[in-house]
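Undergrad: I need the structure of the sequence given here:
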Amino acid sequence: MITASEYRDLPLESLAESANNPRRRFDEAALNELAESIRTQGILAPLVVRPVGQHFEIVAGARRFRAAQIVGLETAPVRIVELSDAHALEASIVENLQRRDVHPLDEAQGFAALMRLEEPKYRIEQVSAKCGKGPAYVAARLRLTELAAEVVEAFAKDEIGVGHALLLAKLQPEQQLEALNACYQEQYSNGNKAKRILLPVRHLQQWIERNIFLELASAPFSKDDAGLVPEAGACLDCSKRTGYNKLLFDGMEPQNDSCSDPQCYAAKVEAHVRQTIAAKPKLVQISTAYGVQKEGSSAVPRNRYVEIRQEEPTKKEQASWPEYKTCKFTAEAIVTEGSEKGEIRRVCANPECPIHHVRKPKPTNNAAIKAEQEKRRREEAIAQVTGLRVLNAITEAVPVRLMKRDLLFLVERLSALLDERRLAILLRIHNLGKPSATTDATAKLLTAFYRKADESTLGRLLVELVVLLAAASPNESSKALREAAEFYKVDVGAITTKVKQEFATKEKAKAAKTASERKPTANTAKKPVAA
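TA: Numbering: from 1, shown residues only. This is a model prediction of the structure:
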């Protein structure tokens, strides 16, 4: 507390900067500008100092002190006050934080120093009132003290802006580095080396909301169960939940029910699965993941069961689909692998089921069967072309969100999971010719195409590959296309109609050509035999 106050001029050599000054970064250009002002007008506002031992400690005015040294002044006007260590720290922090050009990291350390004081004891609301800043502003700045070292370095070098840093500070340390990479995009031009571009803050916010935050409303476990993972406690009382810590997560969507700690979320899902299986050991364990299953997995892969839909069919033709039917083998299942892990489903996993695992009859050689086969081939051809058109329409609606290196990484590895049939479809979609003699040659052709593709094309390829990987069988192919079309609002009916019209036109032209070839002409007519 101030017990005395005196104004006088003191030699610069008797002054020393405080170790508690929150300002750690001094802009050289701004400092030289201040020095020039002092050179012409002098120091207009006295420095605030307090006596400490044989010298005077600067409580406020470190920039003016440094600028005076640049000018070469011998003395400076000061205001001498008697302050305790705690009140000197408070005065230094509050005064300096109201000055210009204080780096947010310095602000953060200043606020943190105030919060650490034993006497007087500060809360966020009191710091807010002292500094004239809103509580959400102070809470966000305090969080900057928990940034990972790599993020601090990037922020200090101005490689990211304050908006990026504040968003990264809302994340757990494990996610900060991953999100830091999402701040940038690599741009290529004329075969030159990639140039790293800083993306807007809104891009990072969208990335975080889609890749880090996990909506608790759809979590399979109970949010108020403190014993599920004892060391984590209940989600409802967790400061990592966006709806609980509203000061920190102000402006983030959704604000009420999202977890910002994926590792904790995953641990609770694992615990929930273990508890559920222990309580119901007869539950069928299923996988909703695509691709090759892990060795030793006890989950039934997605191509060996049919999930029974809970909702009623919305269209007449859906009533005949297997997923809308039940059978005597229908059983409860829990997802133990895949993004829906922990969810309870109803499935039929019995390969002998005549409803959900229908065996195709062996073909015979009579005319009726051949006609039926021809009809089916035509329908499959129409379905294939329709599928290609639908997939193309879907991918045209795909926005570019990931960096090129990420897209290329995903596309190359997903492509490696395709079999020859689906690789051939990919070649056909992009007009790359027919499949080569070996899968390896086809893969090289596709790899060359990927490396030359721009981000937009790679984004479309990513969606195409996901749909193709989901299409392990004709039934799954139809379902994968249908789900993707619904998501990207593609009019499948219009595309189907157009393809059927094209096939009808081709068949009509083919029939006309065949009839024309069979009709005898004047030159080919038989001449009468002479008597």
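Undergrad: which ones are touching the nearest residue to Leu180 once chain neighbours are set aside?
TA: Taking CB to CB, 6 or more residues apart in numbering, and ignoring the residues beside it in sequence, Leu180 has Val151 as its nearest neighbour in space, at 5.6 Å. For every residue, glycine as well, the C-beta is placed using N, CA and C. Contact criterion CB atoms under 8 Å, 6 or more residues apart in numbering gives Ile160, Ala165, Leu168, Ala169, Gln176, Leu177, Leu180 as the residues in contact with Val151.
Undergrad: for whichever strand or helix holds Val151, buried residues please.
TA: If you go by DSSP states H and E, Val151 is part of helix 149-156. Burial within helix 149-156, assessed by neighbour count using 16 or more other CB atoms under 10 Å, is assigned to Val151, Val152, Ala154, Phe155.
Undergrad: next: stretch 84-104.
TA: Buried-residue list, stretch 84-104, by 16+ other CB under 10 Å: 87-97, 102-104.
Undergrad: ditto for stretch 221-240
TA: Along stretch 221-240, the positions that meet the burial threshold by neighbour count (16+ other CB under 10 Å) are Phe221, Lys223, Asp225, Leu228, Val229, Ala232, Cys235, Cys238, Lys240.
Undergrad: which one among those residues gets closest to Phe65?
TA: Lys240 (42.5 Å; CB to CB).
Undergrad: quick check on that closest one: phi, psi?
TA: Backbone torsions of Lys240, given as degrees, to the nearest 10, read phi -90, psi 0.
Undergrad: what's the answer for the one 3 residues further on, then?
TA: The phi and psi values for Gly243, taken as degrees, to the nearest 10, are phi -80, psi -20.
Undergrad: so which residues of the stretch 201-350 of the chain form strands?
TA: 214-215, 258-259, 284-287, 306-307, 331-337, 344-348 (DSSP state E, counting those that start in this stretch).
Undergrad: between the ones you listed, which gets nearest to Thr497?
TA: Proximity of the strands of the stretch 201-350 of the chain to Thr497 was assessed by CB to CB; the nearest stretch is strand 306-307, lying at 29.2 Å.
Undergrad: the helices in the stretch 301-450 of the chain, which residues?
TA: In chain order, the stretch 301-450 of the chain shows helices spanning 367-396, 404-415, 420-429, 439-452, with DSSP state H, counting those that start in this stretch as the criterion.
Undergrad: give the contact list for Lys325.
TA: Under the criterion of CB under 8 Å, 6+ apart, the neighbours of Lys325 are Ile308, Ile355, His356.
Undergrad: how about a markdown table for the strands of the stretch 201-350 of the chain, with mean neighbour count and mean pLDDT added?
TA: Formatted as a markdown table, these follow (neighbours: other CB atoms under 10 Å; pLDDT from 0 to 100):
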| stretch | mean neighbour count | mean pLDDT |
| --- | --- | --- |
| strand 214-215 | 16 | 84 |
| strand 258-259 | 22 | 86 |
| strand 284-287 | 20 | 94 |
| strand 306-307 | 22 | 93 |
| strand 331-337 | 20 | 94 |
| strand 344-348 | 19 | 94 |
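Undergrad: which helices and strands does the lowest-mean-pLDDT helix or strand in the chain pack with?
TA: Least confident helix or strand, the chain: helix 85-97 with a mean of 74, by mean pLDDT, DSSP states H and E. Of the remaining helices and strands, those touching helix 85-97 by 3 or more CB pairs under 8 Å, 6 or more residues apart in numbering; DSSP states H and E are strand 47-52, strand 55-60, helix 104-116, helix 124-131.
Undergrad: leaving aside the residues adjacent along the chain, what's closest to the residue most central in space within the chain?
TA: When the chain is reduced to its mean C-alpha position, the nearest residue by CA atoms, centre = their mean turns out to be Asn211, at 3.0 Å. Nearest non-adjacent residue to Asn211, counting by CB to CB, 6+ apart: Ala182, 7.5 Å away.
Undergrad: what's the average pLDDT for the helix holding Val151?
TA: Helix 149-156 carries an average pLDDT of 92.
Undergrad: now do it and helix 104-116, the angle between them.
TA: Using axes from the mean of the first three to the mean of the last three CA atoms, to 10 degrees, one finds that helix 149-156 and helix 104-116 are set 120 degrees apart in direction.
Undergrad: centre of the chain versus the helix or strand following helix 149-156, how much separation?
TA: The helix or strand immediately downstream of helix 149-156 is helix 162-169, counting by DSSP H and E. How far helix 162-169 lies from its chain's middle: 16 Å, per CA atoms, centre = their mean, to the nearest Å.
Undergrad: please apply the same query to stretch 273-290.
TA: Its chain's C-alpha centre and that of stretch 273-290 lie 28 Å apart, by CA atoms, centre = their mean.
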